[in-house]
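Novice: fold the following.
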Amino acid sequence: MNISLISFTTEGNKLSGRISKMKLVFGDEEVSFVQVFSSSCRESSLASRKTKKEISLKGPGLKEYIGKCFKRHEPLVFIGACGIAVRLIAPFINDKLSDIPVLVIDEKGKHVIPVLSGHYGGGNELALKMAKFLKADPVITTATDLNNAFAVDIFARKNHLNINDKKMIAYVSSKILSGEKVTFKTCSGISFDKSKLPDELEPLPDKTLDVPDILVTDNKKDKDGKLILTPKCYALGIGCKKGTKSSDIEKFVLKILKDNDIPLSDVFSVSSIDLKKNEEGLKEFCGMNRIGFVTYSPDELMKVKGDFTSSEFVRSKTGADNVCERASVKACGRGGELVVSKRSSNGITVAVSKRKVRLSFDV
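Specialist: Numbers count the residues shown, from 1 in each chain. As a prediction, this is how the structure comes out:
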């Protein structure tokens, strides 16, 4: 995942250079920082020459770049005044369930402020990590965080759940913040540790006729809940030749999903071998479709148990006898099942696995 650091002053550029050295994992993905300098004073004490991870942009060029980041779902960190950031991102803001995380940091590195997509996009989590690195104050303004209360949109993000009606997020949060219990129910086959259930939630028995405030169900036709959350159950394992275009990857993936009656919205992960961690086509495909991208070492892939399509040629090139099938199963964790074996086309390989849904409240 790329995160752009946009700075406007000499001091901001220096702070950008400092942040760019940070080792960061966000949403299970390793982060690569892109430094974007938007001023005539481009000096950075930490960078003596321009690289692929440094860009100089101003005016219309900067606005166009920000628009592309929204399209690719790549977080933005502005180093400067909040007002500048707000004006620049305003034309691209759309929906709390699809907007990217946007942070603002003052040029002295004293305050880290998530200004967009704090919960479902993970902006608050990103702000806390950056504040810890900078030894700065995270400025968190969301009510559930301030009151140490259960946040259903964070719960949904961490558990890879689709939210059917964003308006009901406010309903649930309002009940919690007013001290009321929120009723909670899951369909059969979706498990969770009842001892970890937050105090704000009241579980309903399976056979109750009461309509729960929150229903987690894998039946998309189920309407018996005020806020319905449906699991993203599928993980894609993908291999490809170097330089493969994201459009080619998307075309082949969509064909396989259509053939197997799997909506793209039900995919929670794309995974591959670590040789592909910087493959731009893969990263762009994942970003534009808001799907997490993770990679594994050959040793990690070879430890995955199962009956896989083995290739000595692939092993000689990558260190693993199969990439796409093993990667998709591993991404699913314990109980993951290969449901679509390796498919190949024009140097692209794809496999699909399905996870066993276990809800976690450790968010």
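Novice: which element follows the helix or strand harbouring residue 130 toward the C-terminus?
Specialist: Assigned by DSSP states H and E, residue 130 belongs to helix 123-134. Counting by DSSP H and E, the next helix or strand C-terminal to helix 123-134 is strand 137-138.
Novice: can you give me how far that next one is from the chain middle?
Specialist: Distance, stretch centre to chain centre, for strand 137-138: 22 Å (CA atoms, centre = their mean, to the nearest Å).
Novice: who does that strand pair up with?
Specialist: Sheet pairing of strand 137-138 (DSSP bridges) gives strand 111-116 (parallel).
Novice: average pLDDT for the partner strand?
Specialist: The average pLDDT for strand 111-116 rounds to 97.
Novice: so what touches that strand?
Specialist: Strand 111-116 has contacts (CB atoms under 8 Å, 6 or more residues apart in numbering) with 82, 85-86, 89, 93, 99-105, 123-124, 126-127, 130-131, 134, 136-140. (C-beta placed from N, C-alpha, C; glycine too.)
Novice: filter the residues you listed to the buried ones?
Specialist: Buried residues within those, counting neighbours by 16 or more other CB atoms under 10 Å: 85, 89, 99-105, 123-124, 126-127, 130-131, 134, 136, 138-140.
Novice: need the helix or strand of this protein with the lowest average pLDDT.
Specialist: strand 54-56 (a mean of 79; mean pLDDT, DSSP states H and E).
Novice: dump the residue contacts of the residue of the chain positioned farthest from its centre.
Specialist: When distances are taken from the C-alpha mean of the chain, residue 209 lies farthest, 35.4 Å away, according to CA atoms, centre = their mean. For residue 209, the contact set (CB under 8 Å, 6+ apart) is empty.
Novice: let's go with 10 Å and repeat that
Specialist: residue 224 (CB atoms under 10 Å, 6 or more residues apart in numbering).
Novice: can you pull out the helices in the chain?
Specialist: Using DSSP state H, the helices of the chain run over residues 10-19, 60-72, 82-89, 123-134, 143-146, 152-158, 167-177, 246-259, 280-288, 298-302, 312-318, 324-332.
Novice: most tightly packed of the ones you listed?
Specialist: Burial of the helices of the chain is given as mean neighbour count (mean count of other CB atoms under 10 Å); helix 324-332 ranks first at a mean of 27.
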